[in-house]
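Provided below for reference: sequence and predicted model.
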Amino acid sequence: VAAPGAQAGEDRRVVVELFTSQGCSSCPPADALLRELAERDDVVALALHVDYWDYIGWRDSFASPAFTARQKAYAYAHGKHMVYTPQMVIGGEHEVVGTKEMKIADLIATQRAQTPEVALAVTRHDGQLTISAQAPEPIKGKLLVQVVRYLPRETVEVRSGENAGRDLDYSNIVTDWRIAGEWDTAAPLAMEMPIEGSLPVVVLLQHAGHGPIAAVAELK
């Protein structure tokens, strides 16, 4: 595992989660912005399609109630009473309308300037995912070890609803998000788990209760 300072500054990566829907007419500009963010070396961009637009004329082919639940959990953790699309959550800490490009850039820069709490290393070999991490000082509470898979790119022909007649391009579409375990940071983390297929893998260490994301690693 690299020294904690190795992720600081230019090497530090920031997780950007976009809550979006194929049925939302305000979302395509945010989807396009996420495509741009996905090209950056300092960002891990993830599109989570929610299902609460499915009842308004078009069923999102990528939507999952689990992603809606994640967005609602963020709202609760941040003291909010509503969810909306398009919404981006930056580093698990800050929420912003998904089309506010300058605000999003500022929040990413703020996250990158923070001193990382832990160092994380992830490898994949012969169908096995190995996760290692260490903290220079124990962190209060637990970190959730989360493993995410995504489709890098897909185009959808929307036939009805608010975006009827449009071909919409999507990037980094989350297909699976699971909690692999918990880590109390008192001792180094060492974990192995089977991993199937060739889709990219993202590993997140996040404070329990939908708190800040302490570390991220991505294997494309």
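Done, it's in.

Let me see the contact set for the residue lying closest to A217 once chain neighbours are set aside.
Sequence neighbours aside, V122 is the residue nearest to A217 in space, at 4.0 Å (criterion: C-beta to C-beta, 6 or more residues apart in numbering). The C-beta positions use only the backbone N, C-alpha and C, and glycine is treated the same way. Residues in contact with V122 (C-beta atoms under 8 Å, 6 or more residues apart in numbering) are L129, T130, I131, S132, V201, V203, A217, L219.

so the third one sits in a strand?
Yes: secondary structure of I131 (DSSP: H, G, I helix; E, B strand; the rest coil): part of a strand.

Sticking with the closest residue to it other than its chain neighbours, tell me its helix or strand.
Distances taken as C-beta to C-beta, 6+ apart place M191 nearest to I131, at 4.4 Å, with adjacent residues excluded. In this structure, M191 sits in strand 189-194 according to DSSP states H and E.

likewise I104?
Using DSSP H and E, the element containing I104 is helix 101-112.

Show me what that helix is packed up against.
Judged by 3 or more C-beta pairs under 8 Å, 6 or more residues apart in numbering; DSSP states H and E, the packing partners of helix 101-112 are strand 14-20, helix 28-38, strand 87-90, strand 94-97.

how near is R124 to L205?
To L205, R124 is 17 Å away according to C-beta to C-beta, to the nearest Å.

Quick check, A121 in contact with A133.
Yes: the criterion here is C-beta atoms under 8 Å, and A121 meets it with A133 at 7.2 Å.

Which of those two has more residues huddled nearby?
A133 (24 against 16; other C-beta atoms under 10 Å).

I'd say the more buried one and L204 touch.
No: under the criterion of C-beta under 8 Å, A133 makes no contact with L204, lying 11.1 Å away.

okay, and the common contacts of these two?
A215.

Phi and psi next, for the spatially most distant residue from the centre of the chain.
The C-alpha centroid of the chain is most remote from G165, which lies 28.8 Å away (C-alpha atoms, centre = their mean). Backbone torsions for G165, taken as degrees, to the nearest 10, come to phi 90, psi 0.

R124 and L205 - which one has more neighbours?
The neighbour comparison of R124 against L205 (other C-beta under 10 Å) goes to L205, with 25 against 13.

Can you point out the helix or strand that includes that one?
strand 201-207.

Run through this structure and note the low-pLDDT ranges.
1-11 (pLDDT under 70).

Quick one: end-to-end distance for stretch 136-148.
26 Å (C-alpha to C-alpha, to the nearest Å).
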